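A.B. asks: A predicted structure for the sequence below; I have some questions about it.
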Amino acid sequence: MSNTAEILEGLAAARMFDLKGVVAVVTGGGTGIGLMIASTLVSNGAKVYIVGPEQKELERIAKIYNDGAKPGMGSMHGVEGDVRRKTEATRLAALIGAREPLGLTVVFNNAGITKGRFERPGGFSEASPPTADAFVKALFDPVSEEMFTDVYETNAVGPYWLTFAFLPLLEKWKTSPGGKRFAPQVIMTSSMNGWTKDAATSGFTYPYTFSKSAIGHATSSLAHELLPLGIRVNGIAPGLFPTEMSNPGNMDDKGVSTIAPEKKYGFEVPANSTGGTRYDMGALVLFLVSNRFVNGETVLIDGGTLLKHPSSY
């Protein structure tokens with residue numbers, strides 16, 4: 001039986017969250033929340049493949065973080081790929097599988113885009129009441145089929161292809177030395193907007209909201225489906241975080257974005273008006289990767305936004 005010193009040592013954060021040997025894939029890992037995830041993993045010893053649309057940019061970001069890594073930390077590697085395509089999912093799995101004969105610990109289906117923003121109709125009064133035509137002009141006419149298709153393929157369909165394309169590598173991980181400590185899993189980046197009832201929290205875009213609802217349901221459904229394989233599926237539902245999506249044009253050369261305190265979004269974030277930090281996201285990532293006892297759950301990390309706004313979470 002362990003003595004108390006061994007028990008305490010084993011419960012130290014440095015021991016529990018030591019990710020040496022972990023191999024991860026993070027789609028959309030070169031910017032925003034994906035980079036928060038990837039850099040946290042690297043900082044704690046993992047080898048991380050970041051997937052995005054431009055190889056040159058991925059390599060630039062990877063070099064910055066690899067150059068900054070201290071001995072004992074992990075490494076970051078860029079792999080270009082179009083996450084929307086089934087054929088690309090197969091190609092990415094084959095390419096990364098050839099480099100990782102022991103398999104993968106975790107796949108973060110994180111890449112996401114937003115399109116189809118609308119301006120909520122207003123200015124109504126008793127003399128000028130709301131009309132269906134006003135809502136059609138605001139929410140229907142400006143939104144193209146291509147917008148819906150692109151958002152859905154990136155945010156909801158691509159994660160399906162990637163989950164199953166990488167499944168054999170996740171299964172292989174179970175028999176690797178690292179599989180005794182870290183159970184394989186898929187982690188989906190959903191959004192608080194998969195559960196919101198107020199379009200203001202999503203930046204007024206229903207293609208985005210609908211796609212995030214879909215991936216939220218897929219998380220629990222696929223977790224159930226993959227129980228026989230012992231491969232878990234969990235999710236992250238972020239609220240406002242500083243990213244190129246939430247605050248375009250405010251990203252530095254390290255892929256890091258910020259939100260000015262005076263910027264207004266039309267919804268409340270009780271914990272912090274400038275959004276969550278890399279430390280908030282990183283703490284959740286470490287928990288999900290290291291904990292073997294969570295499956296089928298999506299963790300809301302929104303600073304209390306959905307406590308203020310109507311939702312079904």
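C.D. replies: Arrived safely. Numbering: from 1, shown residues only.

A.B. asks: what are the ranges of the strands in the stretch 101-250 of the chain?
C.D. replies: Listed from the start of the chain, the stretch 101-250 of the chain has strands (DSSP state E, counting those that start in this stretch) covering 106-109, 185-189, 232-238.

A.B. asks: same list (the ones you listed) but as a markdown table, adding mean pLDDT, mean neighbour count and distance to Pro248.
C.D. replies: C-beta here means a position set from N, CA and C on the backbone, and glycine is covered the same way. Putting the strands of the stretch 101-250 of the chain into a markdown table (pLDDT from 0 to 100; neighbours: other Cβ atoms under 10 Å; distance: least, Cβ to Cβ, whole Å) gives the following:
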| stretch | mean pLDDT | mean neighbour count | distance to Pro248 |
| --- | --- | --- | --- |
| strand 106-109 | 98 | 30 | 23 |
| strand 185-189 | 98 | 26 | 19 |
| strand 232-238 | 98 | 25 | 17 |
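
A.B. asks: including distance to Val48, could those go into CSV?
C.D. replies: Shown next, in CSV, are the strands of the stretch 101-250 of the chain (distance: least, Cβ to Cβ, whole Å):
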stretch, distance to Val48
strand 106-109, 9
strand 185-189, 13
strand 232-238, 16
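
A.B. asks: what sits against Leu95?
C.D. replies: Counting by Cβ atoms under 8 Å, 6 or more residues apart in numbering, Leu95 makes contact with Val79.

A.B. asks: please, which helix or strand holds it?
C.D. replies: helix 86-99 (DSSP states H and E).

A.B. asks: which of the residues in that helix are buried?
C.D. replies: With burial defined by 16 or more other Cβ atoms under 10 Å, the residues of helix 86-99 counted as buried are Glu88, Ala89, Leu92, Ala93, Ile96, Gly97.

A.B. asks: kindly report the same for stretch 252-261.
C.D. replies: Within stretch 252-261, the residues scored as buried using 16+ other Cβ under 10 Å are Gly255, Val256, Ser257, Ile259.

A.B. asks: which of those residues sits closest to Gly10?
C.D. replies: When the buried residues of stretch 252-261 are ranked by distance to Gly10 (Cβ to Cβ), Val256 comes first, at 33.8 Å.

A.B. asks: what sits against the nearest residue to the closest one once chain neighbours are set aside?
C.D. replies: On the basis of Cβ to Cβ, 6 or more residues apart in numbering, the spatially nearest residue to Val256 that is not a chain neighbour turns out to be Leu35, at 7.3 Å. With contacts defined as Cβ under 8 Å, 6+ apart, the neighbours of Leu35 are Gly29, Ile50, Ile61, Gly255, Val256.

A.B. asks: for those, which two are the farthest from each other?
C.D. replies: Between all members of the contacts of Leu35, the longest pairwise span (Cβ to Cβ) is found for Ile50 and Val256 and amounts to 14.4 Å.

A.B. asks: would you mind measuring the gap between the ends of stretch 136-155?
C.D. replies: By Cα to Cα, to the nearest Å, the extent of stretch 136-155 from end to end equals 25 Å.

A.B. asks: in it, what counts as buried?
C.D. replies: Residues of stretch 136-155 classed as buried: Ala138, Leu139, Val143, Met147, Phe148, Asp150, Val151, Tyr152, Glu153, Thr154, Asn155 (neighbour count, 16+ other Cβ under 10 Å).

A.B. asks: check stretch 157-167 too.
C.D. replies: Judged by neighbour count using 16+ other Cβ under 10 Å, the buried positions of stretch 157-167 are Val157, Gly158, Pro159, Tyr160, Trp161, Leu162, Thr163, Phe164, Ala165, Phe166, Leu167.

A.B. asks: contacts only, for the fifth one.
C.D. replies: Meaning Trp161. Residues touching Trp161, when contacts are defined by Cβ under 8 Å, 6+ apart, comprise Val83, Arg85, Lys86, Glu88, Ala89.

A.B. asks: for stretch 190-209, what is the average pLDDT?
C.D. replies: What stretch 190-209 shows for mean pLDDT is 95.

A.B. asks: which parts of that stretch are buried?
C.D. replies: Of the residues in stretch 190-209, those with enough neighbours to count as buried (16+ other Cβ under 10 Å) are 190-196, 198-199, 201-209.
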